[in-house]
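*Asks:* Prediction below, plus the sequence it came from.
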Amino acid sequence: MERRVAQWILSVTVAALTLAVMWLLGAGLTGGPTQQQQQPGHTEDQGAALPRPRLLLTPEELEALRGRVREDPRSQEHYAAVRVEAEDTLLSACLTYLISQDQADLAQAKALLNAAVALGSGGNVYNTNYRYADLCIAFDWLHDALTPEERMAAARVILEFTEIWEKRYRQPDWANQTYQMKGANLLAGIALQGTSIDDERAQRLLTESRELLRGNLVPAQAMMLRGNGGMIDGTGYWFRTAYSFILLLDAWRSCSGEDLFEESGIAGLPDWVLRTAQPHNGQFINWHDNSWQRQLWSKEVADIMQPLVARCQSPVAKLLAERGGTTAWRRLLWDDPRVPTVDPDRLPLHRHHEGIGMVTMRSDWSKDATYAAFVCGDYVGYHDWVSANVFYISKRGSLVVDAAVYDEKRGLFGDKHPYDAHNTVLIGSGPSGQGKQAARWTDMREDSEFDLGDIVAYQEDEGYVYACGDATRAYHGEAKLFRRHFLFILPTTFVIYDEVQTSSPEVPVRWMIHGWNKPVVDSPRRRMTFREGQGILTCATLLPAEVEYIEGLGSYEGNGHTGFGVAIRPAEPNTTYEFLHVLEAGGGDPNANVLGHGVLRLVTSGGKPWRVTFSTTNGKPRVSLVSEAQG
C-alpha cells in the first residue's frame, strides 16, 4: 500500500512538471472546432487528416482536461489514480499518455494495446464486445503516436470484430446485443475513418450505425425512459444495454457535435436504477431475466453512471458513481465538480416510471425501509416478461419475489419460463401475448399486440401511495377484465384489490404469490406467512369468501434461491371475481374486514383505523382513505 501511494505522489509530480513544460513551450492541439465538428451530424471524410481524439474526447476537450490536471487538486487526485491503473488497464494507460505526452507512458499504452491486439477477435461474443469497444477507443486515442504497422495490426482486429457483428442476427431495438454489436460498429467507423486503411468500409460502418443509432436506438429508449421510466430489458440486462448505449451517445457527440443525450431520455436512468434496488441488501428486484444477484453499490453500476454526471448533470448518477467506485479513467474523463451530490433522504419516496409501467415506493430511505414495486406495462419479448400487474415487497428481506427461472441452458428465459412464477392473477393458460417480439420501436403502437398493460391511475399522499393497473389485454379472449388496485399505507401495510371477469366459468383463475422460502399457510385463518433474512410478511385473504390454498406449486430454482409459490383458487367457478388481500410487512397480523364491494375497514400496524374504498368512475380508478376517527 505504501509503495502504491509513493507511486501516486511521484507520478503526479512528474506529470505536473511535464505539463508545465508543455504549457511553456506552447505544446498542444489547435483550438476551435473544425468545419466538420461545427455541423452536427456531419462526418463525411473530406480527404484531410481528421483531428484526434474523436472518440469520447475532442481536441479542445483534451486540452481543457490537461488544464484541469495542471491546476485542479481534485483532477490531480483522479489523474494519480489513472496512472496507477495504467499498469494493467488499457484505456487508463492511453489517457495517461494523452495528458502527459510522455514517451514512457506511450510505451506502456502501446504494450497494453499490443496485448489486446494479440487476443484477436475470438472469445464469447457476449463479453468480447467490451474488449472491442476499448480497442476502438485506444486506436483513436493513440492514433497519431502509432506506427503504420501498429495501426494496421489494431485495425485488422477491429475489422474482424465488425465482421462478426455484421453476420449476427439483427436483434430487436431494445435487445442489448443490438447496442453491443451492430450498434457498436459506430465506434469502428469513427476510429477508422480517414486512416486510409479501408476508408470505404469505415464510411459504410459509420453511416449504417449512425442511422441505427438515430433512427432506432434513441427513439426506442426514449419511449421507455419517458416520464421517469426505465429500461425494458429489466434488472438483468439493462447493464449491458446502458453501458453500450451511453458510450455510443458520447462517441457520436464527440465525433459529430450532435448531442442526443436529452432526446434519448437517458438522464432519467439513474433515478430508476436507484429505485429498483431493495433497501436491505442493495440487490435489484428480479424483474425480467435476471440470472445474477447484482448490486446497486458496485463498480459495474458506477462505471455506467459516471458519463451521465458530465453529460446529463445528474446528481443521482454522481451518487451512484462515487459510492460504487468508478474506474479511474472514467472518473477523470467524466467528472464534473459543478454537479452536486444528492442526499437520498431528500428524494421523493415514490415514483411512477411511466414509460415502462412501473411504480416504486418505500417508507423511507433507510436499510430497514419497507419497499415495493408494482408493474403493469408493455411487452417487447426476448428477455422481457409480460408484466401483468405483478408486484414485489421487501423489508429486511426479500419477502414477495418473482420466482421465475432464468436458465438459458434449459430454455427457460424471457418468454419461455413458466408464467405461474409471477405475483399476479393467472387467468386461463396465461398471457396470450407471451412469446412474441416487437422487432422495432414503431411496432409499439397503442392497442397493438404488445400493448398488454397500463398503469391507469396513480395517487400519492403523505401517508400512502396508490396505483391501478389494467392488464386485460394480456389475456386476449379469456379475460374480459383484469384490473388490480395496489395500495401502500406507510409504513408497512399493503392492500391489493383485484377485479377479474372471464369469458366463461370454465376459464380457471388463480391468485399467485411467491417467496424465496416456503411459506407457512394457515388455511383456517386464511393467512400466509413469508420469511426471508430478518423480514416477515403476513398476507390475509378477505375475498373470495370461499377459497382453496394450493401449496408447493412447484419450486423455481434460480438466482441462487429456490422459490416457492402459493395459488389461491376460488371454491366456485364463475365469470366475475373479486380478490381482496391485506399484507403486513412489519411482523404484525393484518386487521381488516370487508364492508362492501371494494370497501374495507382496516387498522394499520400503527393502530390507526381507516375506511378504504376502491372505485372506478367513468373508467377512472381511484382510492379513498378516510380515517374513522374523522368519521
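*Replies:* Great, that's in hand.
*Asks:* Need the mean per-residue confidence for stretch 477-490.
*Replies:* The average pLDDT within stretch 477-490 is 95.
*Asks:* Grab the CA positions of it and hand them over as PDB.
*Replies:* Extracted C-alpha coordinates of stretch 477-490, given in PDB (Å, rounded to 0.1, in the frame of the first residue of the first chain):
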ATOM      1  CA  GLY A 477     -60.100 -13.800 -25.300                       C
ATOM      2  CA  GLU A 478     -60.000 -15.400 -21.800                       C
ATOM      3  CA  ALA A 479     -60.300 -12.300 -19.800                       C
ATOM      4  CA  LYS A 480     -62.900  -9.600 -20.100                       C
ATOM      5  CA  LEU A 481     -61.300  -7.600 -17.200                       C
ATOM      6  CA  PHE A 482     -58.200  -7.700 -15.100                       C
ATOM      7  CA  ARG A 483     -57.800  -4.600 -13.000                       C
ATOM      8  CA  ARG A 484     -55.600  -4.500  -9.900                       C
ATOM      9  CA  HIS A 485     -55.600  -1.800  -7.300                       C
ATOM     10  CA  PHE A 486     -52.400  -1.700  -5.300                       C
ATOM     11  CA  LEU A 487     -52.300   0.500  -2.200                       C
ATOM     12  CA  PHE A 488     -49.300   1.000   0.200                       C
ATOM     13  CA  ILE A 489     -50.200   2.700   3.500                       C
ATOM     14  CA  LEU A 490     -46.900   3.700   5.100                       C
END
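*Asks:* Adjust the sequence numbering to begin at 14 for everything that follows.
*Replies:* All set: I'll call the first residue 14, so the last point we hit is now stretch 490-503.
*Asks:* Now W342. Nearest residue, chain neighbours left out?
*Replies:* S105 (4.3 Å; CB to CB, 6 or more residues apart in numbering). (C-beta placed from N, C-alpha, C; glycine too.)
*Asks:* What is the subsequent helix or strand relative to the one helix or strand that neighbour maps to?
*Replies:* Assigned by DSSP states H and E, S105 belongs to helix 103-113. Using DSSP H and E, the next helix or strand after helix 103-113 towards the C-terminus is helix 116-132.
*Asks:* Who are the packing partners of the helix or strand harbouring N606?
*Replies:* According to DSSP H and E, N606 maps onto strand 604-609. Strand 604-609 is packed against strand 548-556, strand 589-597, strand 612-616, with contacts defined by 3 or more CB pairs under 8 Å, 6 or more residues apart in numbering; DSSP states H and E.
*Asks:* Now render these as CSV, adding mean pLDDT.
*Replies:* What follows is the helices and strands packed on strand 604-609, written out as CSV (pLDDT from 0 to 100):
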stretch, mean pLDDT
strand 548-556, 98
strand 589-597, 98
strand 612-616, 96
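*Asks:* Distance to A188 and mean neighbour count added to those, as CSV?
*Replies:* Putting those into CSV (distance: least, CB to CB, whole Å; neighbours: other CB atoms under 10 Å) gives the following:
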stretch, distance to A188, mean neighbour count
strand 548-556, 35, 21
strand 589-597, 35, 21
strand 612-616, 44, 18
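*Asks:* now these in CSV, with distance to D115?
*Replies:* Shown next, in CSV, are these (distance: least, CB to CB, whole Å):
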stretch, distance to D115
strand 548-556, 55
strand 589-597, 63
strand 612-616, 70
